[in-house]
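Asks: Give me a 3D structure for the following:
(one chain, ligands or ions: 1)
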Amino acid sequence: MRINDKSNYKAYVAAEYRYETMQYKRSGNSGVLLPAISLGLWHNFSHFDQLANADNILRTAFDYGITHFDLANNYGPPYGSAEENFGTLLKRNFSAYRDELFIASKAGYDMWAGPYGNWGSRKYLISSIDQSLKRMQLDYVDLFYHHRPDPETPLEETAVALCDIVRQGKALYIGISNYEADRTKKMASLLTELNVPFIIHQAKYSLFERGIEKELFAALDETKLGCIAFSPLAQGMLTDKYLNGIPADSRAGKEKTYLQPETVAAKLSQIKQLNTIAEGRGQKLSQMAIAWILSKKQISSVLVGASSSKQLKENLVAIKNTSFSEEELKKIDKITLM
Ligand SMILES: NC(=O)c1ccc[n+]([C@@H]2O[C@H](COP(=O)([O-])OP(=O)(O)OC[C@H]3O[C@@H](n4cnc5c(N)ncnc54)[C@H](OP(=O)(O)O)[C@@H]3O)[C@@H](O)[C@H]2O)c1
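Replies: Take a look at the predicted model:
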């Protein structure tokens, strides 16, 4: 008997061409290769977003060789909902591809109420990874991060907790995020002593956020850690979307986000000047912004966000041209370092 389902929903089968165009870069001196572009689920995967759109973005990502997906305990809103939705879609579409995926989560910011749901204690980190695994319906994550340094918990306690998470088989590798240079070096030495596969630093880095270039880049060279750059488009400002105002469906136009219209307004002149350079290179501003990050030797991967698969496809084109002339670099420095 025929059924009358008009949805045209198709079970996912990954594209055969998925490894043809993506480039893969080693994370520091580890054994892990990361796609030049990875996908972050901070926005667009919450209970307030359309699951069908999230589904589309993930399918597109994997079809074009994005093997690395980045989450955190509190991505949403509400906190936990991105992991929950990711778990649902993972089970539905990607179960057969688990060994082709490199999945990350993190803990370090506020997650649940009371003294044990934040920062860097052993109590928080071990409870949080257990919660994340349940929400994502996974036995282990490939990478677990301490999301930000905790000025009050001894670094040794955080390091041993991360080590135990690996020893318990809940994560294969460890990373840190938002750590400054000195603390990065200290964590590297503690984790090396513990024999923990510590492979990466996740840092905010873009044409508008260049603070890590001096001390952190030197620390990464010294510790031989990889680096993945988050918010590479400055949350969407380094695209052409704000050139003529703030669209209502953009991150700056929506509620429950961390990008304010005033921040966009303050950057508009720089955005326009950078857009002109991108046009001269035959690239979209978003593509140039990603390419510029990829041209830095410390960077293993650029961690983008996307609210549609169209945006993601546009961003993927960036890897085709990551070389810059001296003149272009000088112009970019003049605009972004002023
Ligand atoms: N470790 C940390 O502390 C930390 C902090 C923040 C983020 N992260 C990670 O980094 C990931 C990326 O951060 P992010 O989302 O801020 O990255 P982003 O790449 O700087 O911004 C992504 C946003 O820009 C807009 N966009 C992307 N491509 C576009 C295009 N081609 N044209 C026009 N608009 C475009 C979309 O926003 P709209 O369309 O909605 O305007 C999209 O959601 C997160 O998902 C998370 O995994 C980590």
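Asks: ok, how many other residues are close to the residue nearest to L337 when sequence neighbours are not counted?
Replies: In space, and not counting its chain neighbours, L337 is closest to R210: 6.8 Å by C-beta to C-beta, 6 or more residues apart in numbering. For glycine as for every other residue, the C-beta is placed from the backbone atoms N, C-alpha and C. By other C-beta atoms under 10 Å, the residues close to R210 number 13.
Asks: pretty sure R210 contacts D333?
Replies: No. In this structure, R210 is not within contact of D333 by C-beta atoms under 8 Å, at 9.0 Å.
Asks: Break down the protein into its helices, ranges please.
Replies: With DSSP state H, the ranges of helices along the chain come out as 51-63, 81-89, 122-136, 155-167, 181-193, 215-223, 261-280, 285-294, 309-316, 326-336.
Asks: Which of those sits closest to G28?
Replies: Proximity to G28 (C-beta to C-beta) singles out helix 215-223 among the helices of the chain, at 7.5 Å.
Asks: List the contacts of the residue of the stretch 201-338 of the chain found nearest the ligand.
Replies: As assessed by C-beta to the nearest ligand atom, the ligand sits closest to G305 within the stretch 201-338 of the chain, at 2.3 Å. G305 is in contact with L39, G40, L41, W42, H43, N44, S231, L233, Q235, G236, counting by C-beta atoms under 8 Å, 6 or more residues apart in numbering.
Asks: can you rerun that using 10 Å?
Replies: By C-beta atoms under 10 Å, 6 or more residues apart in numbering, the residues touching G305 are 39-45, 57, 70, 230-233, 235-236, 251, 311-312, 315.
Asks: can you narrow those residues to ones near the ligand?
Replies: Filtering these for proximity to the ligand by C-beta under 6 Å from any ligand atom leaves 40-44, 70, 230-233, 235-236, 251, 311, 315.
Asks: Of these, which is the most crowded?
Replies: Using other C-beta under 10 Å as the neighbour test, these are led by P232, with 30 neighbours.
Asks: That one against L294, yeah?
Replies: Yes. If you go by C-beta atoms under 10 Å, P232 and L294 touch, sitting 9.1 Å apart.
Asks: Next, show the common contact partners of these two.
Replies: With C-beta under 10 Å, 6+ apart, P232 and L294 have common neighbours I37, S301, V302, A318.
Asks: Tell me the residues of the stretch 151-300 of the chain that contact the ligand?
Replies: So the stretch 151-300 of the chain meets the ligand at 177-178, 202, 230-236, 239, 241, 250-251, 286 (C-beta under 6 Å from any ligand atom).
Asks: if I look at the residue of the stretch 201-338 of the chain closest to the ligand, how far off is G169?
Replies: The gap separating G305 from G169 is 30 Å, by C-beta to C-beta, to the nearest Å.
Asks: Same check on M22?
Replies: Separation of M22 from G169 (C-beta to C-beta): 29 Å.
Asks: picking that back up, please flag which of the ones next to the ligand among the contacts of G305 sit within strands.
Replies: Among those, the members found in strands (DSSP state E) are G40, D70, F230.
Asks: could I get those residues as JSON lines with distance to H146 and pLDDT?
Replies: Shown next, in JSON lines, are those (distance: C-beta to C-beta, whole Å; pLDDT from 0 to 100):
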{"residue": "G40", "distance to H146": "17", "pLDDT": "98"}
{"residue": "D70", "distance to H146": "14", "pLDDT": "98"}
{"residue": "F230", "distance to H146": "15", "pLDDT": "98"}
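Asks: neighbours around the residue nearest to I176 when sequence neighbours are not counted, how many?
Replies: Of all residues not flanking I176 in the chain, H146 sits nearest, at 5.1 Å (C-beta to C-beta, 6+ apart). Per other C-beta under 10 Å, the neighbour tally for H146 reads 26.
Asks: which residues sit in contact with H146?
Replies: H146 touches 106-108, 119-120, 124-125, 153, 155, 158-159, 161-162, 174-179, 187, counting by C-beta under 10 Å, 6+ apart.
Asks: ok, back up a step: which phi and psi values does the residue of the stretch 201-338 of the chain closest to the ligand adopt?
Replies: Backbone torsions of G305, given as degrees, to the nearest 10, read phi -110, psi 160.
Asks: isn't M22 right next to E100, touching?
Replies: No. Applying C-beta under 10 Å, one finds M22 not in contact with E100, separated by 11.9 Å.
Asks: Overlap of the contact sets of those two?
Replies: With C-beta under 10 Å, 6+ apart, M22 and E100 have common neighbours G65, T67.
Asks: re earlier: output the shared contacts of P232 and L294 as CSV; include the columns pLDDT and neighbour count.
Replies: Formatted as CSV, those follow (pLDDT from 0 to 100; neighbours: other C-beta atoms under 10 Å):
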residue, pLDDT, neighbour count
I37, 98, 25
S301, 98, 29
V302, 98, 28
A318, 98, 24
